[in-house]
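*Asks:* Model the structure of this input:
(one chain, ligands or ions: 1)
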Amino acid sequence: MLLIKNGRVIDPTSKTDSHADVLIDKGKIAKIGAGISAGDAVVLDAANCIVAPGFIDMHCHLREPGGEISETIQSGTQSAARGGFTAVCPMPNTHPVNDNASVTRAILERAAAISPVHVWPIGAASKESKGEQLSEIAAMQQAGAVAVTDDGKPIASARLLRQVMDYCRPLNLPVIDHCEDSSLAAGGVMREGPHSIRLGLKGMPAAAESICVGRDVEVASLTGARLHIAHMSARGSLEHVRNAKRRGLSVTCEVTPHHFTLIDEDVRYDSHFKMNPPLASREDRDALLEGLADGTVDAIATDHAPHHPASKDVEFDRAPFGITGFETAIALALEQLVHANRISLMRMVELFTIGPAKILGKESKLHTGAPADITIFSTERDWTYHTVESPGLSRNTPFDGRKFRGGPVATIVGGKIVYRN
Ligand SMILES: [Zn+2]
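*Replies:* Alright, predicted model coming up:
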């Protein structure tokens, strides 16, 4: 038995926000209440900490199979546990691509053997994510895939998107899209604007994203399928989602910590600032902050995208897109959203828990009888992020050495402490 003492329990599902102890027995929550004592239980003191349902990262890259030099299922999930996540969803752009049930099963078997957190894989929408033919969607769902996407790039055409959606609608499977009009974005390495001109780097306009979001919303309206927009970065995209929600369409979206923290003016000639979608203009970033506050944004997702130094430590133009993200997500959300008084702690927890859970068809609650997947974090503890301490295999983040107020303290999966600070 494990007894979490003296924490502030925040559960968005039941709108709970109160000081209580949580007793865990046989992997489940046995009791929540004041002053619980259990003689033989291991006690975890959570004084001055938040005790929340397990945080879910619905968008990450674990690189296995095929990219094990940058990350493995083992190293990535250890990093996720350290970041306070109890479940992660790896994207299908591995080698081979996760476009059939045997790859999905292989990922799940590997995760069952070595992952400290739940792994819920996302399958490819099209074969090899080439945008030509549908992948084995139903078989992957049966094997355990929780959504489909061609992430890394958009679903290639409106026609293919329609086919994917027609297929996924009766399966009640969400279609996730990395929105980008490839013709407008072609060759761009950062967001187009005065700053890209100053740096002499080719930009991609914000419209490259929002045009594709508009297309996707219309196809979602045509098909009635569930659409989720990945890593949204532009005001225009947010407007499309806001309107879609008003129209009653099943459209959701996520924002990453780096997109609500940094802007294009922060970009230096350093590939740790190169990600796709690129860091947005100040106006776009402020729109994302509004969307996080007003409910338009459904989830915070890291888009944890590790790249081995050998590939990332090259000229900006030649470096791959992406940064790591598990271990700084909670701290950045506290810094940018909660300490900055933009959203409440309850809303922040919601964006990491019930928000993604609803999209993925999973449950998220801190309830007697529920599985004991719990994230404990501090809102006050001062610490500095050092990438050398990470169990992840890559170091590509612009946040190395950043000082934070608050962050993950303990991660509990199935009643077992898988990370403790
Ligand atoms: Zn993407």
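*Asks:* Can you name the residue of the chain nearest to the ion?
*Replies:* Per CB to the ion, residue 178 is where the chain lies closest to the ion, at 3.5 Å. Every C-beta, even on glycine, is put in place using the N, C-alpha and C of the backbone.
*Asks:* Enumerate the residues of this structure near the ion.
*Replies:* Within the chain, the positions adjacent to the ion are 151, 178 by CB under 5 Å from the ion.
*Asks:* Show me what the top helix by length along the chain packs onto, helices and strands only.
*Replies:* Identified as the longest helix of the chain according to DSSP state H is helix 207-223. With contacts defined as 3 or more CB pairs under 8 Å, 6 or more residues apart in numbering; DSSP states H and E, the packing partners of helix 207-223 are helix 158-168, helix 182-185, strand 227-229, helix 235-246.
*Asks:* quick one, what contacts the residue positioned nearest the centre of the chain?
*Replies:* Compute the mean C-alpha point of the chain, and by CA atoms, centre = their mean the closest residue is residue 301, 2.1 Å away. For residue 301, the contact set (CB atoms under 8 Å, 6 or more residues apart in numbering) comprises 57-60, 230-231, 254-256, 356.
*Asks:* coming back round to it: didn't the residue of the chain closest to the ion look like it was pressed against residue 129?
*Replies:* No. In this structure, residue 178 is not within contact of residue 129 by CB atoms under 8 Å, at 10.0 Å.
*Asks:* Find residues that contact each of those two.
*Replies:* Common neighbours of residue 178 and residue 129 (CB under 8 Å, 6+ apart) are 150-153.
*Asks:* on that earlier part again, in terms of helices and strands, where is the nearest residue to the residue nearest to the centre of the chain once chain neighbours are set aside?
*Replies:* Using CB to CB, 6 or more residues apart in numbering and skipping residues adjacent in sequence, the residue nearest residue 301 is residue 59, 3.7 Å away. Taking DSSP states H and E as the criterion, residue 59 maps to strand 55-60.
*Asks:* list the helices and strands that strand packs on?
*Replies:* Applying 3+ CB pairs under 8 Å, 6+ apart, one finds that strand 55-60 makes contact with helix 73-82, strand 85-90, helix 329-333, helix 354-360.
*Asks:* now what about that strand, what contacts it?
*Replies:* So strand 55-60 is contacted by 76, 80, 83-91, 147, 151, 176, 230-231, 254, 256, 299, 301-305, 325-326, 329-330, 352-353, 356-357, 359-360, 362, 364, 375 (CB under 8 Å, 6+ apart).
*Asks:* ok so, going back, tell me which of the helices and strands packed on helix 207-223 sits most buried.
*Replies:* Highest mean neighbour count among these (mean count of other CB atoms under 10 Å): strand 227-229, with a mean of 26.
*Asks:* in its sheet, what does that strand sit against?
*Replies:* Applying DSSP bridges, strand 227-229 is found paired with strand 175-177 (parallel), strand 251-255 (parallel).
*Asks:* Can you add mean neighbour count and distance to residue 216 and give these back as CSV?
*Replies:* Output for the strands paired with strand 227-229, formatted as CSV (neighbours: other CB atoms under 10 Å; distance: least, CB to CB, whole Å):
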stretch, mean neighbour count, distance to residue 216
strand 175-177, 26, 5
strand 251-255, 25, 8
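*Asks:* Adding mean pLDDT, write the ones you listed out as JSON lines.
*Replies:* What follows is the strands paired with strand 227-229, written out as JSON lines (pLDDT from 0 to 100):
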{"stretch": "strand 175-177", "mean pLDDT": "98"}
{"stretch": "strand 251-255", "mean pLDDT": "98"}
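*Asks:* dump the residue contacts of residue 135.
*Replies:* 99-100, 123-127, 148.
*Asks:* Let's see that with 7 Å instead.
*Replies:* Residues near residue 135 by CB atoms under 7 Å, 6 or more residues apart in numbering: 99-100, 123-127.
*Asks:* List the buried residues in the helix or strand that contains residue 378.
*Replies:* Residue 378 belongs to strand 374-384 when assigned by DSSP H and E. By 16 or more other CB atoms under 10 Å, the buried positions in strand 374-384 come out as 374-379, 381.
*Asks:* what do you get for stretch 26-45?
*Replies:* 29-30, 32, 36, 38, 41, 44.
*Asks:* What would that stretch look like as CSV? C-alpha coordinates only.
*Replies:* Included here for stretch 26-45 are C-alpha records, laid out as CSV according to Å, rounded to 0.1, in the frame of the first residue of the first chain:
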residue,chain,number,x,y,z
LYS,A,26,-3.3,-3.1,-5.4
GLY,A,27,-2.8,-0.5,-8.1
LYS,A,28,-6.0,1.3,-7.4
ILE,A,29,-7.1,4.3,-5.4
ALA,A,30,-8.6,2.7,-2.2
LYS,A,31,-9.6,5.9,-0.3
ILE,A,32,-9.4,9.7,-0.6
GLY,A,33,-10.0,11.7,2.5
ALA,A,34,-8.6,13.7,5.4
GLY,A,35,-6.3,12.2,8.0
ILE,A,36,-6.1,8.6,6.5
SER,A,37,-3.7,6.4,8.4
ALA,A,38,-2.6,2.9,7.3
GLY,A,39,0.0,1.2,9.5
ASP,A,40,1.9,-0.8,6.9
ALA,A,41,1.6,1.7,3.9
VAL,A,42,4.7,3.4,2.4
VAL,A,43,4.1,7.1,3.0
LEU,A,44,4.8,9.7,0.3
ASP,A,45,4.7,13.2,1.8
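*Asks:* What average pLDDT does it get?
*Replies:* The average of the pLDDT scores along stretch 26-45 is 95.
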